[in-house]
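Trainee: What follows is a predicted protein model with its sequence.
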Amino acid sequence: MYSEKIVLCGANAYEEKFYLNDSFSALPESIKEELKIMCVLYVNEIGGILTLEFEEDGTLCFRTEAAENDFMYDDIGSVLKIKQLQREKRELLEALEMYYKVFFLGEKA
């Protein structure tokens, strides 16, 4: 069975926009705001597009991309920044994974 990844949120440096999937509108405002700050600061510093996506098993992944002609995009900085975010926001990211697994995948808490 094929299942697509579910996008939680993302930010786009080219269009200067932030996106939060409407399916997650029940999240507390403080969590939504923290996600927005995290994503927007990432694209302001690194460039390109950042999305946070849930894998089929509920794992939350960071996905980045950049336009082919974007010479300002920092590939190395991207990897380092994502590792920093995963370390600093570990509790938030784990809580979001648990939320997704319970409310979207129907797993027991």
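Mentor: All right, it came through fine.
Trainee: From the rest of the structure, what touches whichever helix in the chain runs longest?
Mentor: Looking across the chain with DSSP state H, the single longest helix is helix 29-46. Around helix 29-46, the neighbours that count as contacts under CB atoms under 8 Å, 6 or more residues apart in numbering are 8-13, 18, 20, 24, 49-50, 52, 64, 73-74, 77-78, 81-82, 85, 89, 92, 96. No exception for glycine: its C-beta is placed from N, CA and C like everyone else's.
Trainee: Which ones among the residues you listed map onto strands?
Mentor: Within the contacts of helix 29-46, membership in strands is found for 8-12, 18, 20, 49-50, 52, 64, as judged by DSSP state E.
Trainee: List the backbone torsions phi and psi for residue 60.
Mentor: Geometry field for residue 60 lists phi and psi as phi -90, psi 120, criterion degrees, to the nearest 10.
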